[in-house]
Structure formats: C-alpha cells, structure tokens
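Chemist: Sequence first, predicted coordinates after that:
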Amino acid sequence: MDQRTTALDRITLTSLVWGEVDDTARPLAVLLHGFPDTAHTWRHLGPELAATGYRVVAPFTRGYAPSGIPADGSYHVPALMDDALALHRAYDGDDRALLVGHDWGAITANGIAASDANPFADIVSLAVPPFSAMNPRSDDLTRWLRILPRQAGMSWYTLFNQLPGLPERTFERLVAHLWRRWSPGFDATEDLAHLAAALPDDAHRSAAIGYYRAQPRTWRLPARYQPLARDWTGAPKVPLLFLQGADDGCLDARWAARIGDRLPAGSRVAVVEDAGHFLQLERPDVVNARILEYLHERAAARS
C-alpha cells in the first residue's frame, strides 16, 4: 500500500493505492468508502484486486483528511460522482475500469451506473442498493410496508445529522455507537482510529456530516454538478453486483430480496451471512471472492 495525491479541478484527493498504479496496461479500480469510515476500509480488497492485475486507487473522499475540504462546499452526491469520474480521467482509466463503493461510496457508484457519463466496465455496490430499486410497486407493496417501520427506526441518524452543531459536538460517541449497531460484534478500534485521523477537527467533522445535510438542499448544488443531478437516484443502466450483510444494522437486509429483478440483466445480488454493514471488513474472504467471481463472469460474458 502507498499513498498518492491527485489535484482535480475542484478538489485535491489523497488515495491509498495498491499495485502498479502508473502502469496503464493494467485496468484501473476505484474504491469509494462511506460514513463513518475511511479509505482504510479497503485494506483487504485493495491488495486482492492488485494481485489479480488491477491498479487500485481508494480515495479519502472530499472532506476526509488527508484529502481536501472542497472550496465549493458541496457534499452532494453529484459532486461525489464528479470526483470519481475525474479520478478515472486522472489515472487514465479505460473501458476495463472497475468501480466499487460502500455506503456513500455505493450511493455514488449507483449514481454513476445510472449515468450516461459512466466510463466504468464493472460496478459493485456494498450495503446500499440503487434507490430506484427500493421504491414500492403494486406487486410487492405488502413486503415494502413490512420493511418500512423497522427501516425508519434504523435511519434515525439521518435526521439527527440535520441538526446544527449537535452531531459535531457528540461526534465520537455518535460514530462509535453507529459502528456497534451497524456491525454487531465487530471490533472497530482500528477503524475508529483511522476515522479520528481523517476527521481531526470540527471543520472535517462538519464535512462528513455535510454529506447528510447536502442532499435535501438541492438548491445549493453548484452548476458544475448539475448534469449529474438526476442520475444519483436513477435506475442503473448497466449491470452491477450488490452485496449486503445479513446482520446490517443500518439498512434492513430484506431490501436485498426485493431488488434482483429491478436491476439490469447480468446483475447479481447476494446477502453475506455473519456480516453487518461493514461487510468488506467483517467477511473479507466472502466479499472478495464474490467480487472476483462476478468480475470473471462479466469478463467471460464480454469475450
């Protein structure tokens, strides 16, 4: 593992990198973390992908040190999508590239899967499926209604994070609580230490909470990102792999059972047993194997 800093048009991002990152003969893989987490979440998948021939770039997303705090103040999903697309260009990615996202990174990846601007050959989303696939429909309204009350209770933090100042003042307790609830039984000591280093002060903590505050405030989306504004909640236009932990305390695992027939042909959905929200850390053996199996399947389909 190494680090690489990349100056994009609107933000400077520092990434953990694995593999021969400058060797453009190798396909590019971009890995996007979520909240409350960092690029270190990919410490198992990154070297595995590098061993199979990928050059892997896992940025600390905007607002997470050592990456910069964006001058435009935007933490909208279209801005996150723009960063991922810019990394693809900056690292000379081509039509073999892979995009993997977890949590907010998954929301970003799902948005790119719905966009005509998508340059990635393969997309993997962990823990958060495309929002379009979660919408109710007449033939499964009863199942949707059964999930909704529990999910509303699990999603309390999204409203809490709208409060001015309080999430920042209680940040350490908040994120420790979320890790315990979202991935029961997992020892998050290492990951909370990485998080503390990435969000060392109120400015950075406000940036991380800003992901939640930005989405309802669509009127604040800078014009630069407007072309991507509709994509992030749109239906995917390309196949993707969706994985979710069976014990996820953030998003009810029953969502996974509803979405398979709502994704493009060639997509795959799987629930990982004995794993919660941070499944890539809890069951890296299973998650890595599922991802590599899917990539082999996709490569065979293209050949």
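Modeler: It's in.
Chemist: so how far is His33 from the residue nearest the centre of the chain?
Modeler: The centroid of the chain falls nearest to Gly105 when counting by C-alpha atoms, centre = their mean (1.6 Å). Distance check for Gly105 against His33: by C-beta to C-beta, to the nearest Å, it reads 5 Å. The way it works is simple: take the backbone N, C-alpha and C, and place the C-beta from them, glycine included.
Chemist: what do those two both touch?
Modeler: Thr61 (C-beta atoms under 8 Å, 6 or more residues apart in numbering).
Chemist: Please report phi then psi for Thr14.
Modeler: phi -100, psi 140 (degrees, to the nearest 10).
Chemist: thinking again about what came up before, which helix or strand contains the residue nearest to the centre of the chain?
Modeler: helix 104-113 (DSSP states H and E).
Chemist: so what does that helix touch, helix or strand wise?
Modeler: Secondary structure elements in contact with helix 104-113, counted by 3 or more C-beta pairs under 8 Å, 6 or more residues apart in numbering; DSSP states H and E, are strand 28-32, helix 77-90, strand 98-102, strand 122-126.
Chemist: okay, and for the protein, where does confidence drop off?
Modeler: For the chain, no stretch has pLDDT under 70.
Chemist: 90 instead?
Modeler: Scanning the chain for pLDDT under 90 picks out the ranges 1, 9-10, 133-146, 257-262, 302-303.
Chemist: Which parts of it are helices?
Modeler: 45-51, 77-90, 104-113, 131-134, 141-154, 156-160, 166-169, 171-182, 189-198, 202-214, 254-259, 279-282, 284-302 (DSSP state H).
Chemist: Out of the ones you listed, flag the one nearest Pro227.
Modeler: helix 77-90 (7.9 Å; C-beta to C-beta).
Chemist: quick one: that closest one to strand 98-102, angle?
Modeler: 150 degrees (axes from the mean of the first three to the mean of the last three C-alpha atoms, to 10 degrees).
Chemist: tell me which residues in helix 77-90 are buried?
Modeler: Residues 77-88, 90 are the ones in helix 77-90 that count as buried (16 or more other C-beta atoms under 10 Å).
Chemist: Alpha carbons of it, as CSV, please.
Modeler: In CSV, the C-alpha atoms belonging to helix 77-90 read as follows (Å, rounded to 0.1, in the frame of the first residue of the first chain):
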residue,chain,number,x,y,z
VAL,A,77,-23.9,13.0,-4.4
PRO,A,78,-23.4,14.6,-7.9
ALA,A,79,-20.2,16.2,-6.6
LEU,A,80,-19.0,12.8,-5.3
MET,A,81,-19.8,11.3,-8.7
ASP,A,82,-17.9,14.0,-10.4
ASP,A,83,-14.8,13.3,-8.2
ALA,A,84,-15.0,9.6,-9.1
LEU,A,85,-15.3,10.4,-12.8
ALA,A,86,-12.4,12.8,-12.5
LEU,A,87,-10.2,10.1,-10.9
HIS,A,88,-11.0,7.8,-13.8
ARG,A,89,-9.6,10.5,-16.1
ALA,A,90,-6.7,11.5,-13.9
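Chemist: That helix versus helix 202-214: what angle between them?
Modeler: Using the same axes, to 10 degrees: helix 77-90 against helix 202-214 is 110 degrees.
Chemist: Return the list of helices and strands in contact with helix 77-90.
Modeler: With 3+ C-beta pairs under 8 Å, 6+ apart as the test, helix 77-90 has strand 12-18, strand 28-32, strand 55-59, helix 104-113 packed against it.
Chemist: Can you say which of these is nearest to Ser125?
Modeler: Of the helices and strands packed on helix 77-90, nearest to Ser125 by C-beta to C-beta is helix 104-113, at 4.0 Å.
Chemist: And the contacts of the closest one?
Modeler: Contact with helix 104-113 is made by 31-35, 61, 77-78, 80-81, 84-85, 99-101, 118, 120, 123-131, 211, 228, 231-234, 236-238, 240, as judged by C-beta under 8 Å, 6+ apart.
Chemist: and what of stretch 13-26?
Modeler: Contacts for stretch 13-26 (C-beta under 8 Å, 6+ apart): 1-6, 39-40, 42-43, 46-47, 49-50, 53-62, 66-68, 83, 87, 91-92, 94.
Chemist: Show the end-to-end separation of that stretch, please.
Modeler: 22 Å (C-alpha to C-alpha, to the nearest Å).
Chemist: distance between that stretch and the chain's centre?
Modeler: Distance of stretch 13-26 from the chain centroid (C-alpha atoms, centre = their mean, to the nearest Å) equals 19 Å.
Chemist: Over to stretch 274-289?
Modeler: Relative to its parent chain, stretch 274-289 has a centroid offset of 14 Å by C-alpha atoms, centre = their mean.
Chemist: same deal with stretch 166-186?
Modeler: Between the centre of stretch 166-186 and the centre of its chain there are 18 Å (C-alpha atoms, centre = their mean).
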